[in-house]
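# Turn this into a model:
(2 chains)
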Amino acid sequence: MTQTFIEILRRALDEELARDKAVHLLGEDVAAGGAFGVTRGLAQKHGETRVRNTPISEAAITGMATGAALCGLRPVLEIMFIDFATLSLDCLVNQSAKYRYMSGGQLSVPMVVRTQAGAAGGAAAQHSQSLEAWFIHVPGLIVVAPSSPLEAYGLLKSAIRMEDPVLFIEHKRLYTMRQEMPATVELPPIGRARVARAGDDLTLIAYSAMVPTALEAAEELARSGVSVEVLDLRTLLPLDMETIAASVSKTHRVLIAHEAVQNGGVGAEIAARIGSELFDELDAPVTRVGCPFVPIPFAPELEHALLPGRENIVRAARELLGTQG
Amino acid sequence: MTGLLGALCRIRQFELQVQRLAAAGEVPGFPHLSTGQEAVAVGVCAHLEPDDKLFTGHRGHGHVLAKGSDIEATFAEIIGRDTGLCRGRGGSMHLVDAERGVLGATGVVAGNLPLAAGAAWAAQALGSSNVSVVFFGDGATGAGVFHETLNLAALWKLPILFVCENNGVAEFTTREEHSNVSKVSAFAAPYAMPTKTIDGNDVLVVHAAAGDAIAAIRRGEGPYLLECMTYRMAGHFVGDAQQYRSKEEIAAMREKDPIERLKRNMLAQGVAQSEIDATVERAKQDVLEAVERARAAGRPAPSTVGEYVYKSASLDGISG
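A predicted model of the protein is given here:
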């Protein structure tokens, strides 16, 4: 029987709460299930002191999760929308990320900040953004963005077991995606990408909800004889350049696709790294597909017009292959 | 009282040395002195166990020393040596001494408040008797996170002592220019948090009030806000010309000086002048010797600059 992303994520939290008494969930409405129902039932099962509701005070609860992580807890904080993480930034950037470094290794912050991002269903400009690029600029943070229910299950469990602060970004469009839960799931290591589809002609790098879109594009391209290798980054910070290099050395052409605004996005960093570290492997310039430089609009027609999708990827891939001569 | 005098004088002498060496170019960055406010640190920390957690801010040398951190290691950190508390990674505004419960100093005003509440939450969740203490200035009450944290601490009945050092001046401007609320203790009332405003320049008054507050917190009565009215004898940072202060105001400082006040108090209670002088001299010598040892210590090797970014073994030495 298949389960949704939300149900499988809930199972990961449930198991981690049972496995380690130091794990505590914290956030707005989490005891009631959270805005999307991810934590539903966990307070009843594990107690309201371990699954704890907070006021709408993102700055304070991010600081509290950090302070508690310094003192033996492993908090999993929910920030309802990544757009609201703007209110957590002082703590995340100035404190959580830097504690280990500034203390000369005395302290660390084993904390996960679960948040939800991306555009879907007319959530408009303040509830739809993809702000991950801000966070990959901060030494000391780990940034994870799963692409499926089972990936999220394993990555969240791995994230909770890390000794450093992790920003765990769930895409709202994936919440209804269904997969079958196998008997056992091997926990993926943080910091390693995965080959989601093997191919020879082009490396298509994606993460989060853009991975299923990239796989659809790869399928369409396959029908016209183009063999695309799709990489699912899984972890945006640190970047798995090893897996990227192995693929680029095989295909010699790279397309990077993400939903975030293209300007200054994660793709820019990847393109720069490939350009400087793998220049000799390239047969064509690294190409990016991202959101135009516009806030996310409300009306469905506008939202649809703005978001990069399968067609954008296919078009960019064909152009890229055309330049190959 | 001799012990309190010694503690006050060690902090005073420590910061005089910071000031002297900053003028000589030996202190990188922007050290902020607590000169004149030492009684708050000493009076409060006298009640803390090593496992109690302390959070401070950019003006935190005194709190760290009063909590028991080694003078030499603290000074070495402030001058950026490898033997410093944080191996030269933190500096004056980011002192951490985990073994003594000094869990950090944040350079962003008010950022330390929720961290301290989080430490208090951990103590509550783990069933420990530790309290969490956070020092901040009246300037921090302008930040939204101050109010968020007060609300949460009261709501969750956290074992935390909020110590406001109300020196009447936030950086370069006076409290009157920042807020219509002159007493910080007024902010505790809506949350039904016990609070007291006291003379923060009388170490005996601070000692007594902090003792009561911490005892109540340890009994499980929840958070407490102690407002200590004090006076920053130093500028905002070393080198601040203090043009916002009148000559008369500066001249009146000596009357308020917590060290002079304790000395007068001790004399009035029959302590011999010679004993007072000996205590002051011993504190001075202790600090001067520690400072010289700190100055003689090695600097961090440039090759170690990338250490301590991540703790997780799998991420050791990653470059982004």
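# Wait, A:S96 touches A:P165, no?
Yes: here A:S96 reaches A:P165: they are 4.4 Å apart, a contact under C-beta atoms under 8 Å. For the C-beta atoms, the positions are set from N, CA and C on the backbone; glycine is no exception.
# shared neighbours, these two?
With contacts taken as C-beta atoms under 8 Å, 6 or more residues apart in numbering or on different chains, the residues that reach both A:S96 and A:P165 are A:T66, A:A69, A:V109, A:M111, A:G140, A:L141.
# Give me the subset of those that also touch chain B.
When C-beta under 8 Å from any C-beta of the partner chain is applied, the members of the shared contacts of A:S96 and A:P165 adjacent to chain B are A:T66, A:A69, A:G140.
# does A:S88 sit in a helix, a strand or a coil?
Three-state call for A:S88 (DSSP: H, G, I helix; E, B strand; the rest coil): helix.
# so what's residue 216 up against?
You didn't pick a chain, so chain A it is. A:R310.
# please go with chain B instead
B:P194, B:Y224.
# and it, what element?
B:A216 belongs to helix B:203-218 when assigned by DSSP states H and E.
# Output that helix as CSV, restricted to C-alpha atoms.
Coordinates of each C-alpha in helix B:203-218 appear next as CSV, following Å, rounded to 0.1, in the frame of the first residue of the first chain:
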residue,chain,number,x,y,z
VAL,B,203,27.2,44.4,45.1
LEU,B,204,25.6,43.5,48.4
VAL,B,205,22.1,44.5,47.1
VAL,B,206,22.7,42.5,43.9
HIS,B,207,24.0,39.5,45.8
ALA,B,208,20.9,39.4,48.1
ALA,B,209,18.3,40.0,45.3
ALA,B,210,19.9,37.5,42.9
GLY,B,211,20.1,34.9,45.7
ASP,B,212,16.4,35.2,46.3
ALA,B,213,15.6,35.1,42.6
ILE,B,214,17.7,32.1,41.9
ALA,B,215,16.4,30.2,44.9
ALA,B,216,12.9,30.8,43.6
ILE,B,217,13.8,29.6,40.2
ARG,B,218,15.5,26.4,41.6
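# Listing partners with orientation, what would you give for the next helix-or-strand element following that helix?
As assigned by DSSP H and E, the chain's next helix or strand after helix B:203-218 is strand B:224-229. Paired neighbours of strand B:224-229 in the sheet (DSSP bridges): strand B:160-166 (parallel), strand B:195-199 (parallel).
# Strand B:224-229: how far from the chain's middle?
14 Å (C-alpha atoms, centre = their mean, to the nearest Å).
# Could you check the angle it makes with helix B:203-218?
170 degrees (axes from the mean of the first three to the mean of the last three C-alpha atoms, to 10 degrees).
# Report all helices and strands that the host helix or strand of A:R315 contacts.
Element membership for A:R315, per DSSP H and E: helix A:310-322. Applying 3 or more C-beta pairs under 8 Å, 6 or more residues apart in numbering or on different chains; DSSP states H and E, we find helix A:310-322 packed against strand A:202-206, helix A:210-223, strand A:254-261, strand A:287-291.
# And the pLDDT for the residue sitting nearest the centre point of chain B?
The centre of chain B sits closest to B:H63, judged by C-alpha atoms, centre = their mean, with a distance of 3.1 Å. B:H63 carries a pLDDT score of 98 in this model.
# With the one 4 residues further on instead?
At B:K67, the model reports a pLDDT of 98.
# what does the one 4 residues further on give?
On the pLDDT scale, B:I71 is placed at 98.
# quick one: it and B:G104, what's the gap?
19 Å (C-beta to C-beta, to the nearest Å).
# The two: who's more crowded?
Between B:I71 and B:G104, counted using other C-beta atoms under 10 Å in any protein chain shown, B:G104 has the larger neighbour count: 32 against 23.
# Close to chain A: what parts of the stretch 1-150 of chain B are there?
Contact residues (C-beta under 8 Å from any C-beta) of the stretch 1-150 of chain B with chain A: B:53, B:55, B:84-90, B:94, B:96-98, B:103-104, B:106-108, B:111, B:113-123, B:125-126, B:132, B:144-145, B:148-149.
# from the strands paired with strand B:224-229, which stretch is densest packed?
strand B:160-166 (a mean of 28; mean count of other C-beta atoms under 10 Å in any protein chain shown).
# What ranges in the stretch 51-200 of chain B fall below the confidence cut-off?
B:170-172 (pLDDT under 70).
# ok, 90 please
Within the stretch 51-200 of chain B, the stretches with pLDDT under 90 are B:107, B:167-180, B:182.
# could you pull out the strands for it?
Remark: strands assigned in the stretch 51-200 of chain B by DSSP state E, counting those that start in this stretch are B:53-56, B:102-105, B:132-137, B:160-166, B:169-170, B:173-174, B:195-199.
# In JSON lines, list these along with distance to A:I79.
Converted to JSON lines, the strands of the stretch 51-200 of chain B look like this (distance: least, C-beta to C-beta, whole Å):
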{"stretch": "strand B:53-56", "distance to A:I79": "22"}
{"stretch": "strand B:102-105", "distance to A:I79": "22"}
{"stretch": "strand B:132-137", "distance to A:I79": "23"}
{"stretch": "strand B:160-166", "distance to A:I79": "23"}
{"stretch": "strand B:169-170", "distance to A:I79": "29"}
{"stretch": "strand B:173-174", "distance to A:I79": "34"}
{"stretch": "strand B:195-199", "distance to A:I79": "31"}
